[in-house]
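Sharing a model prediction with you, sequence too.
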Amino acid sequence: MWLHSLFPDPELVLALEPEELAGVVLEFLNNERNPRNLVSPTSIAVHQSIEGYPQQYRRRIMEALAEALTWLVREGLIAHDPEQPDDWHFITRRGRSLSKAADVRAYRDSAILPAKLLHPVIASRVQAAFIRGEYDVAAFQAFREVEVAIRRAGDTRLRPSAYQ
């Protein structure tokens, strides 16, 4: 019933992208009284979550939850527990550090701009602002670094000239 209490309208659940629903699921898992830190994706996707929704929505909501759980596994936020049967997972260290849906959103958004694809100088200046969601600041800093590099490249006093 936890999902129904958050989203009484089943259409709202179905409108969420898998990673958005994953944030909600991870927040629930982190806040559930679970001293062994174990998760059964099947039980999350079937029993606890779909109660309260009309029958015609239950299958699609189970599928949406399965997609969200797959995203959590792919991102390393939950992982198969080697000491448990196949269906049991544990919340990873990274998953425990992202205890709120907003934390998962920030984590997801930070992956939009992979630092390894940026010039090292630009990455060092903009990555922190981008992760914090300060996209305007990050863009301004990136353009500023490009401007500085262009000025340096065009300044004949800073480089030897072939005409001297």
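That came in fine, so what should we check first?

just the strands in this structure please.
All strands of the chain, identified by DSSP state E, fall at 38-39, 78-80, 89-91.

where are the low-confidence patches of this protein?
For the chain, the stretches with pLDDT under 70 are 1, 33-36, 41-48, 110, 156-164.

domains in it, as residue ranges please.
2-110, 115-154 (automatic domain parsing).

Let's have these in JSON lines, adding mean neighbour count.
(C-beta placed from N, C-alpha, C; glycine too.) Formatted as JSON lines, the domains of the chain follow (neighbours: other Cβ atoms under 10 Å):
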{"stretch": "domain 2-110", "mean neighbour count": "16"}
{"stretch": "domain 115-154", "mean neighbour count": "14"}
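
closest to L69 out of the strands of the chain?
Ranking the strands of the chain by proximity to L69 (Cβ to Cβ) places strand 78-80 first, at 7.3 Å.

List of residues touching that closest one?
Outside strand 78-80, the residues that touch it by Cβ atoms under 8 Å, 6 or more residues apart in numbering are 26, 29, 39, 41, 69, 72-73, 86, 88-92, 95.

please redo it, this time with the cut-off set to 7 Å
If you take Cβ atoms under 7 Å, 6 or more residues apart in numbering as the criterion, strand 78-80 is touched by 39, 72-73, 89-92, 95.

From the chain's centroid, how far away is that strand?
16 Å (Cα atoms, centre = their mean, to the nearest Å).

can you pull the contacts of G23?
Per Cβ under 7 Å, 6+ apart, neighbours of G23: 101, 104-105.

Repeat that for Y135.
Residues near Y135 by Cβ under 7 Å, 6+ apart: none.

ok, now L29?
39, 91.
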